[in-house]
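Chemist: Provide a 3D model corresponding to the input given below.
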Amino acid sequence: MFSSEPVLALDKADIFQDTRLVLGEVSFAVHKGEFVYLIGRTGSGKSSLLKTLYADLRLQHGSGMVAGVPLQKINAKDIPFLRRKIGIVFQDFQLFFDRNVEENLRFVLKATGWTDKKKMADRISEVLMQVGLGTAQKKMPHQISGGEQQRVVVARAMLNEPQILIADEPTGNLDPAVSDQIMQVFRSINNAGTAVLMATHNYDLLNRYPARTLRVADGTVDEVRPGTVF
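Modeler: As a prediction, this is how the structure comes out:
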């Protein structure tokens, strides 16, 4: 049962990259606990849309709300507040390769205001267990596989118990078997109550793990009919 208040909503939003209109009149909502795919060809505007949702690009026209934060009114000092309430998973891992897994995660906790060392250690243990990496705390990124590095990235995104996880092609650099494992991590996170919006071009995943799907094409975003085979 979804709550009536969406965790993410756009209403007649125009998505710009600099001064170029990429997507027009975008309207959709994602509710608590929902899993939603975002599909579309390379260059269709998926990444620009996601960047607008986490305020990397400014919402210039229309309205938007993510985790209770209005995007059209957000200013620079409020962006870190928004990003503490959402989790972001990129295709490229963006880990610090000069520090171990635990230190990568602790860096994020410190940057988002955590100070209690025991609470930080406990939370790091929790999220690593959640993604199946309970024994990887002291390993350096180069000592673990690409799939394990992406699990660390997912764990990092979950540190502040986000209302929604926004993932931009999270399996894009991974082989099919590893992509499947990462997908199962996302599904378990979703089953525990966190909403997920995942941009992907991996149609095999869509067929094997069906969920609500939005398609970005021809400058707009439309709902894909349930039961569509990709």
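Chemist: look up how far A157 lies from the spatially most central residue of the chain.
Modeler: When Cα atoms, centre = their mean is applied to the chain, the residue found nearest the centroid is I166 (1.8 Å). Note on I166: its distance to A157, by Cβ to Cβ, to the nearest Å, is 8 Å. The C-beta positions use only the backbone N, C-alpha and C, and glycine is treated the same way.
Chemist: quick check, pLDDT for F107.
Modeler: With respect to pLDDT, F107 scores 95.
Chemist: without its sequence neighbours, what residue ends up closest to it?
Modeler: Leaving aside its sequence neighbours, F107 sits nearest to F96 (Cβ to Cβ, 6 or more residues apart in numbering; 6.9 Å).
Chemist: go ahead and confirm the one you found touches R106.
Modeler: No - in this structure, F96 is not within contact of R106 by Cβ atoms under 8 Å, at 10.7 Å.
Chemist: compare the two (neighbour count), which wins?
Modeler: R106 (20 against 11; other Cβ atoms under 10 Å).
Chemist: G64 sits in which helix or strand?
Modeler: In this structure, G64 sits in strand 61-66 according to DSSP states H and E.
Chemist: tell me how far that strand lies from the chain's centre.
Modeler: From the chain centre to the centre of strand 61-66 is a distance of 18 Å (Cα atoms, centre = their mean, to the nearest Å).
Chemist: pull out the buried positions in it.
Modeler: Judged by neighbour count (16 or more other Cβ atoms under 10 Å), strand 61-66 contains these buried residues: G62, G64, M65, V66.
Chemist: any idea how far A121 is from the second one?
Modeler: Spelled out, that is G64. G64 is 36 Å from A121, by Cβ to Cβ.
Chemist: the last one now?
Modeler: Separation of V66 from A121 (Cβ to Cβ) stands at 30 Å.
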